[in-house]
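Undergrad: Output the structure for:
(chains A and B)
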Amino acid sequence: MTIKGKIHSFETFGTLDGPGIRFVIFMEGCPLRCLYCHNVDMLDMKDYKDMTPEQLFKKIIPYKTYFQSSGGGVTLSGGDPIMQPNFVVKFFTLCKQEGIHTTIDTSCFTTKETLDRLIPVTDLWMISLKHFNETKHLKLTGQSNKPILENIRYLSKKKANIRFRYMVLPGWTDTFFNLRALKKFLKTVRFKLIELLPYHTHGIYKWEHLGLKYKLKGTKPPSENSIRKIKKMLEKEGWKVMINE
Amino acid sequence: MAQRIKNLLPKNPDKKFKIPDIHKKFHPGNWQVDVDLRDFIQKNYKPYTGGKDFLAPPTKKTLKVFKQVKKLLRTEFKRDGIYGIDTKIPSTITSHGPGYIDRRNESIVGLQTDIPLVRAIKPKGGVQLIDSTCESFGYHLDPKVKDLYTNVIKNHNDAVFDIYYGWKEFFTPETHKLFRSKGIITGLPDNYGRGRIIGDYRRVALYGIDRLVAEKQEELNEQCTYMNEENMLLREEAHKQIVALQEIKEMAATYNFDISRPAEDTKEAIQWLYFGYLASVKEQDGAAMSMGRIDAFIDIYAEKDLRRGKYTESEIQQFVDDFVIKLRLVRHLRAPEYNDLFAGDPTWVTCVLGGIGKDGRTLVTKTAFRFLRTLENLGPSPEPNLTILWSQNLPEKFKNYACEVSVESSSIQFENDKLMRPIHGDDYGIACCVSAMTIGKQMQFFGARCNLPKLLLLAVNQGRDEMDGELMVEGVPKLKHQKPLDYREVKKEFFKLMDWLCRKYVETMNIIHYCHDKYNYESAEMALHDLKIHRFMAFGVAGISIVIDSLSAIKNAKVYPIRDAKGIAKDFKIVGEYPAFGNDLQEVDKIGEEVVKHFITCLRKYPAYRNAEHTLSLLTITANVVYGHHTGSTPDGRKTGEPFAPGANPMHNRDKSGALASLNSVAKFHYEDCRDGISNTFSITPSTLGKNNTQRVENLRGMLDGYFSKNGFHLNVNVLNKETLQDAMKHPEKYPQLTIRVSGYAVNFIKLTKEQQQEVISRTFHKNF
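TA: Residues are numbered from 1 along each chain as shown, chains lettered A, B, ... in the order given. The predicted structure is shown next:
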C-alpha cells in the first residue's frame, strides 16, 4: 500500500524552524490540544492534500541549492508530524539519500517504536516543552506529560540532536515552580539549544474563524523584561538560549 | 623595466609616449603602451579576503561637510524637491565656475553648478521640455536661451519629430494621433538625454588628459582611409571627443588642479576620475548617468599610499566618503511627468562592487568595503546605486558584510557575475539598473520599453485600444472563440502583433539614436571610450507577469470578455482558478520564457542603427504604476488602472508559495534572451528573514547564493516592515533617509508620490504567519 501524508501547507522560505533556509511542510493533525495553539486549523484532519512521500520530495528538490548555500533543509511541522510516522520515515529517508538536512518539529507524544524508526533519518529534533506539572499539562494540552518527558530522555540517551522550544505563557509557564522544574528536567538530558517563544496572539483569528472558543482570551504576551530574566536564568546554567520572536 | 616595455611595443611603431614617473611605480604591462585599464588592474590590484574590521568611521571633516549637506537636502525637500534652477546658462563642461559645499573641509571637490543642488538646463535634448519644466516649478527659461535653441540651434527633440513627421507608421490609422501617445511604447528618449552610457572615468586618473588626447589623435588618424559615411562620422566624433577632453582639463583648472598629468595618489585618483564624471553630468542629463567600476582601480592607489605611509585608513575613507557625498548630490532637471515614470529623482550613479576575475581571483578589494561603509558612515541613500556583482566564489567575509549592509539599509542591489562575465569580460559595469557593458568598450542605445499587456489586449479587441476604442492596428481579426477565450487563438494573434510592434519599435529607436548622436552627442562620456566600440540597442518589456497570468488564465480557467457596445473588452469574467506566475510551476513559468523568446526574435529581424546588437530587459523602473493607469482590465483579473508588478516580478500577492518559489520562477527567464537584464525586487520583513541580525545576514547570503546559482539575474532586497512605510507616509519628516529598492534602483521613500508609496506598500512582503 502506498503511504500518503496529509499535508496542510508549505512555506518555501522558512527561517524560524531550524537552521538556515528551510522548506517547511505543515502537516495535518496533532495529538495535543494546546490552549494557545496558533495553527488550530491544522488539528482536525479536515483541510489537507494527500501526498505521497515521493510527491513531496519532488516538490522540495528545486530548493536544494538554497539548503546547501544556507546550511538549511526541510522541516516537518504542523500540527504534529509525529501523528503520521510512516510518511515521515519514508520522506526523511528520501531526503537523507539526497543529503538534505531533516528536522522534525514535534511534541514527542508518541511511542518508543516510532522514535526508533525516526532516529536514524532525523537530523534535528525540535521539541516543544509545555508544562512540568501533570495537572496543568493536562489542562493546557489535553494530554499527560509523562510519555513526552520519557521520550525526550530516551532520545537524549540515543544521542539524538535536540533543540527545545519553550513557550513563555504568563501565569502558566513563567511561574517560579515551573521554571524550577524546567531547569531540573533540562539537567537530565543532552540538548543543543533552548528557544524561548514569547506567547503571542497572532493565532486567535484562526480560532474565531473556526468558531472555536479561545480560552486564553485576555492573556497578555509576556514583557520583554520577563523574557530576558528567564533567558539569563537559563544561561547561568551554561545552556545556549535564544529568543524567538 | 624599459626593456620589458619595449617588448610590448604597439602595432604602430610611431606611437611613443614618455613613461611618467608614477607609472614606473606600478607593475608594468600593456597598460603602459595602450589605454588598457583592465590590464592595469589585473597586474596591480590586491584581492582582499579579510573582514570589515579595518574600516574607519567618518572623520570630523566628513561629518562637518555632511552636516551642511543635510541642511541643503532639508531645504530642497521643503522646496518641493527643487533647490533652484539656473535658467540662463545652458550647461556644458566649462559653463559654470567652481562650486563648493564647505571648501575648508572638502577633500574631493566639484559640483555641477557653482551652487550646490542648483539644477542646470541642457537644452540640446529638447528646449520645449525644459521650458515647460521651468514653468511648472515656477521658474522662467531665459528668453534668449529659448530663442537660440528654438530658432538657431537645432536640438535632438526637433530632429526626431522632423523624421516622425509624416511617417505613417508613427500615427494611428483612423484619427492620425501620434502612436507614442497611446502608451504601447513609452519612455522613449526622444525629448530628453538618452543616458546609459558609462565613460571610463579611470582613464583620466591613470593617464592624465594629455595622454588621452594623444591617444585619441592616434585613433583619429586610423580613420583616414576612404571617406565614406562611417569614417566621416567617426572622425567628427573623435574631434568632438578631443575638444571635450581639453574642456575637462580646463574645468579642473578652475578648481586649481592640473589633470593633464596622471594622478599620483589615492586622493588625486578619486579627484581625477570624479572630474571625468563631473564633466559628463555637466554636459548631459541622460536618464541614467552611471559610474561604472572603480573599486579595484582606486584600491591600487590606496594600497600604495598605505604601504608608503602617505595616507592613513581614516584619510582614505574620508576621500571615499566625500566622493560619495558628491555623487549623492548629482541633480538633473526633470519634468514632473518624468517623475511619474522614474520616481524619486533618481540619477543612477550605478557603481558596481566586487565580482570575480577571469583568472578566478576575486576582484573584491578593501575599497569595495569602503564604498559599502559609506552607507554606515553617512547613513542609507539611494545614490550612488551600489551594485554587488555576486558570485558563489566571493570571499565569505565580503558576502557577509554586503548582506549586513543590505539588511540595515535596504540600499543596495545584487547582480549575477557568473552570467555577465562570460559575455562582458571581467571589467564591465552596470548602467542604470541592470544593463551590463564592458567599460570603455561597449555602450548602449537606451530604448525605454513596451507595454506588453496592452499589446495582448489589442489581440482581444481587433487591434483597438481598450481604453478609448481607437484603432491602433489594422487587420487584427475578430476572435472566433469568445465564450470562453481560446488559448491558442489568442496566443497566435498576440504573437503576430509582437512582430508588428517590434518593427515599429526598432525603427523608432533608429530614428531617436541617429538624432541623438547628431544633435546631442555625449562627447565627454564617449571621449572616455575607445573610438570604435560595440553598441547595443536595448529594448524593454513591462508587464510580463500580467501577460503570463493572462495567458495562464485563458489556458487553465475559463475567461469570458465582457464587451461594451463598440465590442471592446472592458473587463473579463474568470470562472475557475488558474495557476499564477511566481509559484515555481513549470507549466506557467514556461509561458513567460516563450513570450520573451518570441519578442527578442522579432526584434532581431529588424536591423538596428550603427549595427547595434539587439538586447531586451524585463524592467519597469517605477513606471509600473503609470503603465497600470493606461491599461484596461486584463484577462488575469487585474482591473483597469491597477499597477503592474515591477520588472519581472510576479504580480502583487499572487506568489503564494513563499519567497523561494517566487525567486525560482523569476530565475527561469533566460539571460540569453534578456541580455539587458531581468529585474526582481524582493521585500521581506526582518522577522521573516531571521530571528536575529546574525541569522538575517546568513539567510540573506544563503538566499542570494541559491538564487544566483539557479541563474537568477538580479535582486533588489528590502528588509522592512510595512508599518515602517505606512508611518513614513504619515510622518515623512521622521524618515529623511529611509531608502527602499524599487526596480533596479533605490529611492528616498518620502520622495515618491502618494500613489507610488501605496503601490510599494501593496507589494508582496514575504512574511510568516
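Undergrad: Contact residues of chain A facing chain B?
TA: A:10-16, A:20-21, A:23, A:38, A:62-63, A:65-66, A:68-72, A:202, A:242-245 (CB under 8 Å from any CB of the partner chain). Bear in mind the C-beta positions are built from the backbone N, C-alpha and C, glycine included.
Undergrad: Please list only the buried members of those residues.
TA: Using 16 or more other CB atoms under 10 Å in any protein chain shown as the burial test, the residues of chain A next to chain B include A:10-16, A:20-21, A:23, A:38, A:62-63, A:65-66, A:68-70, A:72, A:243 as buried.
Undergrad: taking those residues one by one, which sit in helices?
TA: Assignment to helices by DSSP state H places the following of these there: A:65, A:66, A:68, A:69, A:70.
Undergrad: Could I get these in CSV, plus columns for pLDDT?
TA: Below are those laid out as CSV (pLDDT from 0 to 100):
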residue, pLDDT
A:65, 95
A:66, 96
A:68, 95
A:69, 94
A:70, 94
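Undergrad: And those residues, which two are furthest apart?
TA: By the measure CB to CB, A:65 and A:70 form the most distant pair in these, at 9.5 Å.
Undergrad: Which residues are in contact with each of the two?
TA: Listed as contacting both residue A:65 and residue A:70 by CB atoms under 8 Å, 6 or more residues apart in numbering or on different chains are B:705, B:706.
Undergrad: longest single helix anywhere in chain B?
TA: In chain B, taking DSSP H as the definition, the longest helix is helix B:487-519.
Undergrad: average pLDDT across the very next helix or strand once past that helix?
TA: Once helix B:487-519 ends, the next helix or strand along the chain (criterion: DSSP states H and E) is helix B:523-527. Summarised as a single mean, pLDDT over helix B:523-527 is 98.
Undergrad: Spell out the residue ranges of the strands in chain A.
TA: Along chain A, counting by DSSP state E, strands occupy A:5-14, A:22-27, A:49-51, A:73-78, A:101-106, A:124-129, A:162-168, A:193-198, A:241-243.
Undergrad: Show me what the last one is packed up against.
TA: Using 3 or more CB pairs under 8 Å, 6 or more residues apart in numbering or on different chains; DSSP states H and E as the contact criterion, the neighbours of strand A:241-243 among helices and strands are strand A:193-198, helix A:224-235.
Undergrad: Report the strands that pair with it, each with its relative direction.
TA: Sheet pairing of strand A:241-243 (DSSP bridges) gives strand A:193-198 (parallel).
Undergrad: Give me the nearest residue to residue B:683, chain neighbours excluded.
TA: In this structure, residue B:683 finds its nearest non-sequential neighbour in residue B:718, 4.2 Å apart by CB to CB, 6 or more residues apart in numbering or on different chains.
Undergrad: Quick check: residues of chain B near chain A?
TA: So far as CB under 8 Å from any CB goes, chain B lies against chain A at B:392, B:584, B:657-661, B:664, B:684, B:687-692, B:695, B:698-699, B:701-707, B:709-710, B:766, B:768-769.
Undergrad: for residue B:269, what are its contacts?
TA: By CB under 8 Å, 6+ apart, residue B:269 lies in contact with B:205, B:263, B:297, B:298, B:301.
Undergrad: Closest one of these to residue A:166?
TA: Once CB to CB is applied, the member of the contacts of residue B:269 that ends up nearest residue A:166 is residue B:298, at 51.5 Å.
Undergrad: Now for the closest one: which residues touch it?
TA: Residue B:298 makes contact with B:266, B:269, B:270, B:273, B:320, B:367, according to CB under 8 Å, 6+ apart.
Undergrad: What is the neighbour count of the closest residue to chain A within the stretch 1-150 of chain B?
TA: Proximity of the stretch 1-150 of chain B to chain A (CB to the nearest CB) peaks at residue B:49, 18.6 Å away. Burial of residue B:49 is recorded as 11 neighbouring residues (other CB atoms under 10 Å in any protein chain shown).
Undergrad: Just want to check the distance between the nearest residue to it once chain neighbours are set aside and residue B:369.
TA: Nearest non-adjacent residue to residue B:49, counting by CB to CB, 6+ apart: residue B:395, 4.1 Å away. Per CB to CB, to the nearest Å, residue B:395 is found 10 Å from residue B:369.
Undergrad: what does residue B:276 give?
TA: Using CB to CB, residue B:276 is found at 24 Å from residue B:369.
Undergrad: do residue A:228 as well
TA: 34 Å.
Undergrad: Those two: which is more packed in?
TA: Applying other CB under 10 Å to residue A:228 and residue B:369 shows that residue B:369 carries more neighbours, namely 27 against 12.
Undergrad: Now render the strands of chain A as TSV, adding distance to residue B:84 and mean pLDDT.
TA: Below are those laid out as TSV (distance: least, CB to CB, whole Å; pLDDT from 0 to 100):
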stretch	distance to residue B:84	mean pLDDT
strand A:5-14	47	89
strand A:22-27	54	94
strand A:49-51	63	90
strand A:73-78	58	94
strand A:101-106	59	96
strand A:124-129	61	94
strand A:162-168	57	93
strand A:193-198	52	92
strand A:241-243	51	90
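Undergrad: Pipe those into TSV and attach distance to residue B:472 per row.
TA: TSV is the format used below for these (distance: least, CB to CB, whole Å):
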stretch	distance to residue B:472
strand A:5-14	41
strand A:22-27	46
strand A:49-51	45
strand A:73-78	51
strand A:101-106	55
strand A:124-129	59
strand A:162-168	61
strand A:193-198	59
strand A:241-243	60
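Undergrad: ok now do residue 94, which residues does it touch?
TA: In the absence of a named chain, this looks at chain A. Contacts of residue A:94 (CB under 8 Å, 6+ apart): A:53, A:54, A:57.
Undergrad: Chain B is the one I meant
TA: Residue B:94 makes contacts with B:247, B:250, B:251, B:254, as judged by CB under 8 Å, 6+ apart.
Undergrad: Identify, from those, the entry nearest to chain A.
TA: residue B:251 (47.4 Å).
Undergrad: tell me the contacts of the closest one?
TA: Going by CB under 8 Å, 6+ apart, residue B:251 touches B:93, B:94, B:275, B:278, B:279, B:282.
Undergrad: Report the secondary structure state of the last one.
TA: Taken by DSSP: H, G, I helix; E, B strand; the rest coil, the conformation at residue B:282 corresponds to helix.
Undergrad: ok, now the fourth one?
TA: Of the three states, residue B:278 takes helix under three-state DSSP.
Undergrad: Pretty sure residue B:116 sits against residue B:72.
TA: Yes. Residue B:116 lies in contact with residue B:72 (CB atoms under 8 Å); the separation is 5.6 Å.
Undergrad: So for those two, which sits in the more crowded spot?
TA: More crowded of residue B:116 and residue B:72, by other CB under 10 Å: residue B:116, with 21 against 16.
Undergrad: In space, what's closest to residue 215 - neighbours in sequence excluded?
TA: Let's take chain A. Using CB to CB, 6+ apart and skipping the chain neighbours, the partner closest in space to residue A:215 is residue A:35 (5.1 Å).
Undergrad: Not quite, go with chain B.
TA: Of all residues not flanking residue B:215 in the chain, residue B:35 sits nearest, at 5.4 Å (CB to CB, 6+ apart).
Undergrad: Number of residues surrounding residue B:61?
TA: Counted with other CB under 10 Å, residue B:61 comes out at 17.
Undergrad: Mind telling me what element it is part of?
TA: In this structure, residue B:61 sits in helix B:60-78 according to DSSP H and E.
Undergrad: now do residue B:205
TA: helix B:202-222.
Undergrad: How about the helix or strand following that helix, which residues are buried there?
TA: Moving toward the C-terminus from helix B:202-222, the next helix or strand (DSSP H and E) is helix B:229-254. Of all the residues in helix B:229-254, those buried under the rule 16+ other CB under 10 Å are B:234-235, B:237-238, B:240-242, B:244-249, B:251-252.
Undergrad: same deal with stretch B:530-537?
TA: B:530, B:531, B:535, B:536, B:537.
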